[in-house]
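>>> Following is a predicted model, sequence given first.
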Amino acid sequence: MDSAAAIAALRATLLQSGYVAERGLAVTMLMMESLGRPLLVEGDPGVGKTEIAKALARAKNTRLIRLQCYEGLDTYNALYEWNFQRQLLAIKRAEAVGPAATLPDDELFSEKYLLKRPLLEALTQAAPPVLLIDEIDRADAAFEAFLLELLSDYQLSIPELGTITATSIPFVVLTSNGTRDLSDALRRRCLYHFLDYPSFEKELAILRTRVPNIPARLAGQVVEFVQSLRRFDLKKKPGIAETLDWAASLLGLGLSALQDASAEQIADSLATLLKTREDCLAIDQPTIGRLMAAAG
Amino acid sequence: MNNTPDALFAKITGFVATMRENGFAVGITESEDALHVAERLGVLSHTALRDGWRGLLCARAEEWHRFDDLFDSYWRRPNRQKALETRTGGGSTVEHGGAQQSGGKAGPVLQHGPDAAGAAGDSTAKEGASAAKTLGTADFRTLTDPDQTRAIEAVIRHFARRLQRLKTRREHADKAGRRLDMRRTFRRAVGAGGATAQLHFRAPRRVRPRIILLLDVSRSMSLYSFFYLRVARALAAELTDIHVFLYHTHLTHVSDALADPDPWRAQERLAMLSAGWAGGTRIGECLAAFNRQFAARLVHARTAVIIASDGYDTGEPGVLGRELRALAGRARRILWINPLRAVPGYTPAARGMREALPHLDVFAPGHDLASLDAALTGLMAAL
């Protein structure tokens, strides 16, 4: 297929699955497939990093396997673990039946007794799944190094079973919030996409896609309001998730335009946008009034 | 690429090389993949190629934002660039490779020679001038003077040895651990025919706290600046996870220069970084800069921040307190070393010091080696 057509087709599929992708992101996703590299997505919280993986899974009509990283994450929780309890039970049962020979160790260390954690799960799928490694920066550097090895060879070895090679190369999406700087080696291995706060048009498109029953006027006002709110020096800028929440809460109040709401209703519903005490204090009544007037 | 004409091949690999010279971490594999991308997307589609290569060649946000300017400066003919500029009002001639050329928001773009590659990423170059900045740089020749450093090194070595390790949530095998290591126990039992001969345990891994030094090198601290810098150098030699910053009117990261094994080169690098040495102090602004640029990356729950300053802040009131509170929220402990505290009858009356005090875990004098030793001991007790 012609590349321009391929890009357009991918964007259309993503849109159908509820994700508004910029052209650049669509191109990068296309490259993911032809280069076989993982995709590293960075950006502020709430701009839709995790959503990329979900949309990709829906667009490719495949499974999404998610590994949520956290500080103490080790290989046993990420890769595999033997099911000791089950192995013990099997041994005891074999002992009760007769001589130990009835339970060959090949069987004891077979897949039946293997607990697959996300990474192993992703390597052993028949059809290539989407593997989402969420917030990789929360895991420590040692885990990152291990991951690098896994992502370059797509194989891992289990001492009792031998080497397991991926039956299909998964689409790997890594996300990072920048709690810790990632190593250059991992960055080099990956394609990179920086997800910024969306433009007015993009955010409006997202809002219309995700909240289809929102009146056009309210949608425009909500997006304008949030866009100008982001220009303030806030501790925690509202992301797209917050915009969607706010729109949903305004819709829940049965409004069709911002002007219909009382000042109290607006102030209360702003809890979905402003998430720290300082930000709530910084955006006072007069500021809200000004922002609303600007939003039209 | 058999079907890519030679000239185009050279041009594309040249582009990857240019990116490398501009500080992008790209190598042969990226060159190959860049050709793959070109083949897949077609070389005639300008926008698609830009998007495809951006994803491939960038590895961090800062590179992401610089990419477009570099792309334009390489692929667009100089006369096209000029035409664009004239249309937007600028009429000056564009010289290829000149410092002024294509100076978009990414700053000067390097086209020739890897030797100047550091300039674009140099943090001091971006800072801009400040009103109270001095032009003089300090003389760093005494930094590695053996007589002066020996005593410091002894104290620091003593400190590093006693620096206790903090618990992490990751576990490792440990005979004295509390949690049964099922995996290891079972594997070792295989050799004994399945009989569990010995139990194995796990315990949380412990790591040393990360240490961040923020050294005030303004004029009021000039008596002590070198002393603290020597301490920093000794600490950097003993501990691995340590990050040193100097500040006066702006903040400079000097860990790399300090850790340079060659003492002469370390001195030269420091001298280059120290523009503004012994000028005014804006502690609040410098802390704000630290919080914005480095804190997210460097400061975690096992970080001890050591600030050496007399607390004479000429910046705006309130900034220091606010920024220090933000930092205290991230870091495990904050230690403030104030050499003036040793003066009899000293009260923390300076505005900066008053603002800082509520957020400090340890506030100690540190005018000489003995008191510094005591301060570090206090920090260890507080960790």
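Looks like it came in fine. Numbers count the residues shown, from 1 in each chain, chains lettered A, B, ... in the order given.
>>> so the residue in the stretch 1-150 of chain A that chain B sits nearest to is in which element?
Closest approach between the stretch 1-150 of chain A and chain B, counting by CB to the nearest CB: residue A:72, at 3.0 Å. (Each C-beta comes from the backbone N, C-alpha and C, glycine too.) Using DSSP states H and E, residue A:72 sits in no helix or strand.
>>> ditto for residue A:241
Following DSSP H and E, one finds residue A:241 within helix A:240-252.
>>> which helices and strands sit right next to that helix?
helix A:200-210, helix A:216-230, helix A:263-269 (3 or more CB pairs under 8 Å, 6 or more residues apart in numbering or on different chains; DSSP states H and E).
>>> what's the average pLDDT for the last one?
Average pLDDT, helix A:263-269: 84.
>>> Now do the buried residues in that helix.
By neighbour count on 16 or more other CB atoms under 10 Å in any protein chain shown, the buried set for helix A:263-269 is A:266, A:269.
>>> Can you name the element that comes right after it?
Using DSSP H and E, the next helix or strand after helix A:263-269 towards the C-terminus is helix A:277-282.
>>> mind listing what's buried in that following helix?
residue A:279.
>>> ok, back up a step: pick the most buried one from the helices and strands packed on helix A:240-252.
Burial of the helices and strands packed on helix A:240-252 is given as mean neighbour count (mean count of other CB atoms under 10 Å in any protein chain shown); helix A:216-230 ranks first at a mean of 20.
>>> which other residues reach the helix holding residue A:241?
With CB atoms under 8 Å, 6 or more residues apart in numbering or on different chains as the test, helix A:240-252 has contacts from A:46-48, A:197-198, A:203, A:206-207, A:210-211, A:213-214, A:218-219, A:222-223, A:226, A:238, A:258, A:261, A:269-270, A:272-273, A:275.
>>> before we move on, the earlier item: could you dump the helices and strands packed on helix A:240-252 into JSON lines with distance to chain B added?
Output for those, formatted as JSON lines (distance: least, CB to the nearest CB, whole Å):
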{"stretch": "helix A:200-210", "distance to chain B": "15"}
{"stretch": "helix A:216-230", "distance to chain B": "17"}
{"stretch": "helix A:263-269", "distance to chain B": "25"}
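>>> Make JSON lines from these and add distance to residue B:266 to it.
Shown next, in JSON lines, are these (distance: least, CB to CB, whole Å):
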{"stretch": "helix A:200-210", "distance to residue B:266": "49"}
{"stretch": "helix A:216-230", "distance to residue B:266": "43"}
{"stretch": "helix A:263-269", "distance to residue B:266": "57"}
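>>> For the spatially most central residue of chain A, what is the enclosing helix or strand?
With distances taken as CA atoms, centre = their mean, the residue of chain A nearest its centroid is residue A:50 (1.7 Å). Following DSSP H and E, one finds residue A:50 within helix A:49-60.
>>> going on from the one helix or strand in chain A whose mean pLDDT sits lowest, what's the next piece of helix or strand?
When the helices and strands of chain A are scored by mean pLDDT, DSSP states H and E, helix A:105-108 comes last with a mean of 78. Using DSSP H and E, the next helix or strand after helix A:105-108 towards the C-terminus is strand A:114-116.
>>> Who are the packing partners of the helix or strand following that next one?
Next helix or strand after strand A:114-116 toward the C-terminus (DSSP H and E): helix A:118-123. Under the contact definition 3+ CB pairs under 8 Å, 6+ apart, helix A:118-123 sits against strand A:64-68, strand A:130-134, strand A:155-158, strand A:162-165.
>>> Mind doing that once more with 6 Å?
In terms of contacts (3 or more CB pairs under 6 Å, 6 or more residues apart in numbering or on different chains; DSSP states H and E), helix A:118-123 is packed against strand A:64-68.
>>> Can you read off the pLDDT for residue A:190?
So residue A:190 comes in at 91 (pLDDT).
>>> Without its sequence neighbours, what residue ends up closest to it?
residue A:40 (3.8 Å; CB to CB, 6 or more residues apart in numbering or on different chains).
>>> As PDB, could you dump the C-alpha coordinates of the helix holding residue A:241?
Output in PDB follows, covering the C-alpha atoms of helix A:240-252 (Å, rounded to 0.1, in the frame of the first residue of the first chain):
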ATOM      1  CA  ILE A 240      -7.200  15.400  28.600                       C
ATOM      2  CA  ALA A 241      -8.600  12.900  31.100                       C
ATOM      3  CA  GLU A 242      -9.600  15.900  33.300                       C
ATOM      4  CA  THR A 243     -11.200  17.700  30.400                       C
ATOM      5  CA  LEU A 244     -13.300  14.600  29.700                       C
ATOM      6  CA  ASP A 245     -14.200  14.300  33.400                       C
ATOM      7  CA  TRP A 246     -15.300  17.900  33.500                       C
ATOM      8  CA  ALA A 247     -17.300  17.700  30.400                       C
ATOM      9  CA  ALA A 248     -19.100  14.600  31.700                       C
ATOM     10  CA  SER A 249     -19.800  16.300  35.100                       C
ATOM     11  CA  LEU A 250     -21.200  19.400  33.300                       C
ATOM     12  CA  LEU A 251     -23.300  17.100  31.100                       C
ATOM     13  CA  GLY A 252     -24.500  15.400  34.300                       C
END
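>>> List the buried residues for that helix?
Using 16+ other CB under 10 Å as the test for burial, helix A:240-252 gives A:240-247, A:249-251.
>>> how distant is that helix from the center of its chain?
In terms of CA atoms, centre = their mean, to the nearest Å, the centre of helix A:240-252 is found 20 Å from the chain centre.
>>> do the same with stretch A:227-235
24 Å.
>>> Stretch A:50-58 now?
Taking mean C-alpha positions (CA atoms, centre = their mean), stretch A:50-58 and its chain are 7 Å apart.
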